[in-house]
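Peer 1: Structure, please.
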Amino acid sequence: MGLSSQVTLFPEIYKQKENNIFIKKVELTDQFTIIDFHFKPLGESWICAENSFHIKPTGTENKLYMIVAKNIKMCPEMQKVGSFSDHLDFQLWFPLLPKNVGKIDIIEKTRNGLNFYAVKINNGQERSVPDSARYKSAASFENYFINNSGSLAPIEGIWVVHIKQSVYVDRALKEKDYADTLIKVAILKNGNEFHAYNLDGSPTESVFKWISGGKRYYYTQYFRGVDQEVSDYVKEKSTDFYEINLQIPTRLARYILINDYFMADELHQSLTFKKEMPLPDY
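Peer 2: This is a model prediction of the structure:
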């Protein structure tokens, strides 16, 4: 997701009319409000979208009418969704909401419509986006670390991060290796902290803090789409190998898992950091 948009995943909802349709995502770009829905029928069903669909800031009558519907037919033409195992993901596009509107109503029609009330969204209330690093490529990071190797903290450098995710349902392990990813990050000192950056210089919103009393690092990761931070103490296996274990925030887990594990919300993430350069002198 781009830093120019603001995203809310599985937003909190005060009230809704239909229990088998879920809001997966609300995205505010510089021009539009885009809402992603997930329809999970109990059996064979028919669905369509009315032209009257609109959004409005909760408590007002400032209606913004739908511009585009994607992957769903417009009424009166109906769209069939099959058995219990089937689902439909669709999008509705609306004009851009005013800044700092924190709750919206999504209305199809007053009676018997697909209506959601007081949907809580990120719209300027979440943290500001951190600055990017001054370095914009792997080569520029490498040059910096080589040229400053004598003054770096041991944690500074380029690291290979192995990310593995495991799914739990009702607290029982359901799938150990749900996702398995390798990425590279650069870790740089920033004031009294150490920030991790993608190798294009963009922030990962992950921070290491040295806890002098405990003589170890404390790791925090901010998930912008759910405006939530998770954390763990770093397990330093050696000066060039770290382990971290996190539980993904519930609403983000639902967003990731909804097509494979309907409404499962427990996703554990293990990260191992292996330093690539500069390597320590033993």
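
Peer 1: mind checking which helix or strand the spatially closest residue to His38 that is not a sequence neighbour is in?
Peer 2: Leaving aside its chain neighbours, His38 sits nearest to Phe22 (4.6 Å; criterion: CB to CB, 6 or more residues apart in numbering). Just so you know, the C-beta spots here come from the backbone N, C-alpha and C atoms, and that holds for glycine as well. In this assignment (DSSP states H and E), Phe22 forms part of strand 21-28.

Peer 1: quick one: the very next helix or strand once past that strand to chain centroid distance?
Peer 2: Sequence-wise, the next helix or strand downstream of strand 21-28 (DSSP H and E) is strand 32-39. With CA atoms, centre = their mean, to the nearest Å as the basis, strand 32-39 stands 15 Å off its chain's centre.

Peer 1: For strand 32-39, give me every contacting residue.
Peer 2: 20-28, 45, 47, 55, 64, 67, 81, 87-97, 106, 258 (CB atoms under 8 Å, 6 or more residues apart in numbering).

Peer 1: Let's see that with 7 Å instead.
Peer 2: Residues outside strand 32-39 that contact it (CB atoms under 7 Å, 6 or more residues apart in numbering): 20-27, 47, 55, 81, 87-97, 106, 258.

Peer 1: With stretch 171-189 instead?
Peer 2: For stretch 171-189, the external contacting residues (CB under 7 Å, 6+ apart) are 133, 141, 153, 155-168, 194-199, 204, 208, 261.

Peer 1: With stretch 127-144 instead?
Peer 2: By CB under 7 Å, 6+ apart, stretch 127-144 touches 3, 158, 186, 188, 197, 199-203, 205, 222, 277.

Peer 1: Check the separation of the first and last residues in that stretch.
Peer 2: Taking CA to CA, to the nearest Å, the first and last residues of stretch 127-144 lie 29 Å apart.

Peer 1: Check which residues of it are buried.
Peer 2: Neighbour counts over stretch 127-144 (16 or more other CB atoms under 10 Å) mark 130, 133, 135, 141-142, 144 as buried.

Peer 1: which two in these are spaced the farthest apart?
Peer 2: Farthest apart among those by CB to CB are Pro130 and Glu142. That separation is 22.0 Å.

Peer 1: separation between the residue nearest the centre of the chain and Met263?
Peer 2: In the chain, the residue lying closest to the centroid (CA atoms, centre = their mean) is Gly225, at 4.1 Å. Counting by CB to CB, to the nearest Å, the separation of Gly225 from Met263 is 18 Å.

Peer 1: need the longest strand for the protein.
Peer 2: strand 172-190 (DSSP state E).

Peer 1: and the contacts of strand 32-39, which are buried?
Peer 2: Buried among the contacts of strand 32-39 by 16+ other CB under 10 Å: 21-27, 47, 55, 81, 87-88, 90-94, 97, 106, 258.

Peer 1: Quick check: phi and psi on Glu18?
Peer 2: Per-residue torsions, Glu18: phi -110, psi 130 (degrees, to the nearest 10).

Peer 1: Report how many residues lie close to it.
Peer 2: Using other CB atoms under 10 Å, Glu18 is surrounded by 14 other residues.
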